[in-house]
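[1] Have a look; sequence and predicted model below, questions after that.
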Amino acid sequence: MISELDRKLWRDLARLKGQALAVALVMGCGLAMMIMARSLIYSLESTRAEYYQVNRFAEVFAHLKRAPDSIALRAAEIPGVATVQAGISVQVTLDIPALDEPASGMVRSLPDFGEPQLNRLYLRAGQWLPPGSRGQVLVGEAFAKANELKPGDRIALLLNGRRQEFRLAGIVLSPEFIFESRPGAALPDNRTYGIFWMPYEELAAAYDLDGAFNYLALTLAPGATARPVIAELDRLLTPYGGRGAYGRADHPSHIRVSDEIRVLQTLAIGFPLVFLSVAAFMTNAVLSRLLVLQREQIAILKAFGFTNRQIALHYLKFAFVMVAMGTVLGWIGGIVMGHRIVALYHLFFRFPELHFRLDRSALVLALLVCAGAAAAGVIGAVRRAARLPPAEAMRPEPPANYRPALVEKTGIAHLLSHTFRIAVRNLERRPVQAIFTVSGMALATGILIVPNAFRDGVAEVMDFQWDVIQRQDVGIGLVEPASVSVRHLFAQLPGVVTVEPIRYTAARIHFGNRNRQLAIQGLTADGQLSRVLDANTRQIALPPAGLVLSAKLAEVLEVRVGDELRVEVLEGKRPVRAVPLVGLAEDFAGVAAYMDIRALNRLMEEGDVITGATFAVDGARRGEFFRALKGVPRVSWVAIKDSLRANFRETTAASIGVIQSIYLVFATVVAFGVVYNNARISLAERARELATLRVVGFSRREVGAVLVTELVILALLAVPLGLLLGTGFATVILGQVNTETVRLPLVLTLGNYSFAVLVVTAASSLSALLVLRKLNQLDLVGALKAPE
Amino acid sequence: MFSGDTIPVRTATPPVYSVRGLTKVYGFGETEVHALAGVDLDLHEGELIVLLGPSGSGKTTLLNNLGGLDVPTAGELRYRDTDLACADEDQLTRFRRDSVGFIFQFYNLIPSLTARENVALITEIARDPMPAEDALELVHLGARLDHFPAQLSGGEQQRVAIARAIAKRPEVLLCDEPTGALDVRTGIVVLEAIARANRELGTLTIIITHNAVMAGMADRVIHFSDGRVLHEHRNPQRAPVSGLEW
């Protein structure tokens, strides 16, 4: 007997397959998002944790000027320290024959014999450095890939101003450089910045650091916390030019991966919740409709002795078939999208192996969440049907009650066409259904706004950063402070239009009990290349005394213009001075502190020195300029705006593109599904009414207009709401991107809004057209028979 | 009320409908059903015809063909100069819109429109309609213009349906079991309204029913069985509707 009931179930499903599929698709979207995000979190977290453990990633890091090896032993004695690894870390300029522009990089030392205690490397290709080797280096994978370098290739490094050729022994990865980028740079440029490793003796000899170190990493003993160790380490290293130790939480590569995980966590909860609510409602709508149609069948089943429980179970099964479809679609979608995103991660993150790892618990959770949503959706409808006494259920449903719509009471009633009246009265009679359809369409519109707002925000930041704030074509850093007179040398490089000096000074800025460690930038007061702008994008002329901070930094330090900051310089004579905050700068990438270069030099109690320069270069003579720059000694890094931009386009922009396409698919599915479902239900509920109109002489087009008017009214309500909703989503999500590393302005363009409206309109129109085609199949003669 | 139902039967004018050998077959092969098996009929202007037959006799199929809701499988079906047998979908729609008034057993009103609006809906698309209010007055519903179908009794709903059908001044009024869902007293009121429309507007009216009592109100009674006209007869004079009983 039950198997016959199941057969009925399959036939009902076959009849409602379009709607069941629409429900399953919307559910699938929510689940796919959840499974993808949870699996990516799991992939990143577990891969990173394993990588850190196997390769012994340190927990506290410190750079200093120079300390004898004995200090490293003392560091190991600090309570709470487990293992210490000391070594050398230097900035170098590179000479790559294939590259016109000069590149820069970092060289790290490796023990001459044996593996390092901490931050062990992973060999991707080639060989390890043989014990006691000379003239060979290991290179980080990101740089090697960007420049198509292979083991055995040769590369020239300018070590301490001396050009030396090296053979690339192997290509490696380091847990310290999962995200490979120049310190202080907001964006990676893997083509012009690379990481290298060479034996300690060889590097120490080049930099006169024999028996000494300038970089230290350590792990903590079980149970120890970073903060007291960092404080103790700072005390130990200060006499040796310590620039302030920091923990993993401030480690640039670690932060990047953590940031990504945090974004995924928002995605794993927020969006699926919204999608599944819509799906739950759609399930309810489909089931309610089915139950109304099957009142009589239910009555007969009950008359024959089926229990309420059996009947409820029967319809729950119907819902769970949709759940099963949705879950499978969600699993497939989540896994496919997850793989695509992992492929994108390879553009940013360097792991020995980063595979998509399916979070199996997410699959189970998906099934449960989805079943819960569907159950919530059907339970009301099923309960209503099961409660009905058989005799009552066998009578046709009483005619629907209608009232004049609210809009007709406004005195414009006489202006309304009958089609319009039918539409608004129907909508008002089923307000919940209308609200959910509007919500669904609004949701579809809203989620389209987010990725475009993200893209526009990023573009705005980039344009602002590169065209308004940093107008230089090239920036360079020097190995050591140099006399301001080198500026004239720079000015004579071929193609130079303007050159401005810069002085970077590592410092810790304190206010109250809060502090931040960064490089103070000493700039020319009214520089035309590297500029400081206020919130109204007017240039701030740096006054002869006082600091200008990024507005974000001032917010973090809770300091106001006029307050006195304590500036603790971490290099040179390490002066500690009170400096007033004289202005707030508007910038989006990182946080910065600016001073007039002469004021900074006075603060440092040094003469007129510079540590870098910015250039405006004649476009036609770029090649010449770069070739000449390659020959300039003591340049530690080079930042080329065009190169950064190109790199940005290939990585960030590309990944925004993928995210955008995912959102596009989701929005289309939701818009299509919601409209299709709504129109199909309208059509089914009102088949008799619409057929009657055809019988009394309305053309197909006129009857179609009745349905379409309703959809258009819903769309007209939904779209502005969706734009509002999207603005809200964008504000919240972009608001999360308001960190010290990066801030995104909320940029909402007409183009963004138009695109969202266009996509939702197209998806809705398409599904409406599909339903309208069903109008042609209306059974005109059937409509004249007894009401169902 | 309508005690003067004594209009003579008119046959001199050319027929409105001319039906010859009309056949309608549903299905194929073994499941083939001849719903109409060669019907010959002429229907004239102003006539009130009652088409009698048991259920399954094919009378609804005939009505659907006459009303342009269905096309015959074979045979000739002419409405004045129009060949309905060969008409396409658009021509049939136009025909229904301009020339036919339908009255159904289950009223088929638009539930979201008031009585007045249900009628006005049709008068808006008709060529030469009467005001909706007049049509409703004709069925004595002038006081319930702004009620929705759910607020009206079955008889009242059917009278709205009649008003809707006659408001466009159709040339033919097709009624399929118009009293089928109503009790006797209400049914009489509805039939009186139909008869009055026929008399006052001169509309060719065809009522199909299995209720033989209604034969008395007709000019001509056609008995239908197994998809064929069994026989027909003319009433010497129409019986007043108020006298019918069943």
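    All right, it came through fine.
[2] quick one: low-confidence ranges for the chain?
    Let's take chain A. Along chain A, the parts satisfying pLDDT under 70 run over A:1-3, A:184-186, A:266-267, A:270, A:377, A:385-386, A:388, A:391-399, A:786-788.
[3] looking at chain B here, not the other one
    Residues of chain B that meet the criterion pLDDT under 70 lie in B:1-12.
[4] how is chain A carved up into domains?
    Using automatic domain parsing, the domain ranges for chain A come out as A:1-57+A:255-398, A:58-254, A:430-469+A:641-788, A:496-617.
[5] Reformat these as JSON lines; add distance to chain B.
    C-beta coordinates here come from the backbone N, C-alpha and C atoms, glycine included. Formatted as JSON lines, those follow (distance: least, CB to the nearest CB, whole Å):
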{"stretch": "domain A:1-57+A:255-398", "distance to chain B": "8"}
{"stretch": "domain A:58-254", "distance to chain B": "60"}
{"stretch": "domain A:430-469+A:641-788", "distance to chain B": "3"}
{"stretch": "domain A:496-617", "distance to chain B": "55"}
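[6] I'd like the ones you listed laid out as CSV, including mean neighbour count.
    Output for the domains of chain A, formatted as CSV (neighbours: other CB atoms under 10 Å in any protein chain shown):
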stretch, mean neighbour count
domain A:1-57+A:255-398, 19
domain A:58-254, 19
domain A:430-469+A:641-788, 19
domain A:496-617, 18
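[7] so who does A:A507 touch?
    Residues in contact with A:A507 (CB atoms under 8 Å, 6 or more residues apart in numbering or on different chains) are A:Q517, A:L518, A:A519, A:I520, A:V567, A:E568, A:V569, A:L570, A:A593.
[8] Bridged to it, which residues?
    When assigned by DSSP bridges, A:A507 has beta-bridge partners A:L518, A:V569.
[9] So A:G697 is in contact with B:T93, correct?
    Yes: at 6.3 Å, A:G697 counts as touching B:T93 under the criterion of CB atoms under 8 Å.
[10] related to what we said a few turns ago, out of the domains of chain A, which comes closest to B:E245?
    domain A:430-469+A:641-788 (25.2 Å; CB to CB).
[11] How about whatever residue of chain B ends up closest to chain A: what's its closest non-neighbour residue?
    Going by CB to the nearest CB, chain A is nearest to B:R97 of chain B, at 2.8 Å. Spatial nearest neighbour of B:R97, chain neighbours left out: A:G697 (2.8 Å); criterion: CB to CB, 6 or more residues apart in numbering or on different chains.
[12] So which residues of the stretch 301-450 of chain A form helices?
    With helices called from DSSP state H, counting those that start in this stretch, the stretch 301-450 of chain A shows them at A:308-348, A:360-387, A:390-394, A:418-429, A:431-463.
[13] and of the ones you listed, who's closest to A:R108?
    Proximity to A:R108 (CB to CB) singles out helix A:308-348 among the helices of the stretch 301-450 of chain A, at 21.0 Å.
[14] That closest one packs against which elements?
    Packing contacts for helix A:308-348, counted by 3 or more CB pairs under 8 Å, 6 or more residues apart in numbering or on different chains; DSSP states H and E, involve helix A:2-15, helix A:17-54, helix A:252-293, helix A:295-303, helix A:360-387, helix A:654-685.
[15] Kindly reformat the ones you listed as CSV containing distance to B:T186.
    Supplementary listing: the helices and strands packed on helix A:308-348 in CSV, determined by distance: least, CB to CB, whole Å:
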stretch, distance to B:T186
helix A:2-15, 37
helix A:17-54, 40
helix A:252-293, 28
helix A:295-303, 25
helix A:360-387, 32
helix A:654-685, 28
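[16] Tell me which of these sits nearest to A:V321.
    Shortest distance between A:V321 and the helices and strands packed on helix A:308-348, using CB to CB, is found for helix A:2-15: 5.9 Å.
[17] Could you give the separation of the closest one from the chain centroid?
    The chain centre lies 45 Å from the centre of helix A:2-15; the measure is CA atoms, centre = their mean, to the nearest Å.
[18] contacts for stretch A:304-318?
    For stretch A:304-318, the external contacting residues (CB under 8 Å, 6+ apart) are A:2, A:5-6, A:8-9, A:12-13, A:287, A:290-291, A:298, A:301-302, A:375, A:378, A:381-383, A:385-387.
[19] The same query, at a cut-off of 6 Å, please.
    Applying CB atoms under 6 Å, 6 or more residues apart in numbering or on different chains, the contact partners of stretch A:304-318 are A:L5, A:L9, A:L301, A:V382, A:A386.
[20] CA-only coordinates of it in CSV, if you can.
    The C-alpha trace of stretch A:304-318 is given here as CSV (Å, rounded to 0.1, in the frame of the first residue of the first chain):
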residue,chain,number,x,y,z
PHE,A,304,-9.5,4.7,3.7
GLY,A,305,-7.8,4.7,7.0
PHE,A,306,-4.4,6.3,6.4
THR,A,307,-3.2,8.0,9.6
ASN,A,308,-2.3,11.7,9.7
ARG,A,309,1.3,10.6,10.4
GLN,A,310,1.4,8.5,7.3
ILE,A,311,0.1,11.3,5.2
ALA,A,312,2.4,13.9,6.8
LEU,A,313,5.3,11.5,6.2
HIS,A,314,4.2,11.2,2.5
TYR,A,315,4.5,14.9,1.9
LEU,A,316,7.6,15.2,4.0
LYS,A,317,9.1,12.7,1.7
PHE,A,318,8.2,14.9,-1.2
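[21] tell me how far that stretch is from the chain's mean position?
    Its chain's C-alpha centre and that of stretch A:304-318 lie 47 Å apart, by CA atoms, centre = their mean.
[22] hmm, back to that, just give me the neighbour total for the residue of chain B closest to chain A.
    For B:R97, the neighbour count with other CB atoms under 10 Å in any protein chain shown is 20.
[23] tell me the SS of it?
    Here B:R97 is helix, with the state taken from DSSP: H, G, I helix; E, B strand; the rest coil.
[24] B:T205 now?
    Recorded secondary structure, B:T205: strand (three-state DSSP).
[25] quick one, phi psi at A:Q164?
    For A:Q164, the backbone dihedrals (degrees, to the nearest 10) come out as phi -140, psi 140.
[26] what sits against the closest residue to it other than its chain neighbours?
    Take A:Q164 and drop its neighbours on the chain: the residue closest to it by CB to CB, 6+ apart is A:L157, 5.8 Å away. By CB under 6 Å, 6+ apart, the contact set of A:L157 is A:V92, A:L94, A:Q164.
[27] Put the alpha carbons of the helix or strand containing A:L157 into PDB.
    Element membership for A:L157, per DSSP states H and E: strand A:154-159. Taking Å, rounded to 0.1, in the frame of the first residue of the first chain, the C-alpha atoms of strand A:154-159 are listed here in PDB:
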ATOM      1  CA  ARG A 154      72.300  31.900 -12.900                       C
ATOM      2  CA  ILE A 155      71.400  35.100 -11.200                       C
ATOM      3  CA  ALA A 156      73.300  38.200 -10.100                       C
ATOM      4  CA  LEU A 157      72.800  39.700  -6.600                       C
ATOM      5  CA  LEU A 158      74.300  42.900  -5.500                       C
ATOM      6  CA  LEU A 159      75.600  41.900  -2.000                       C
END
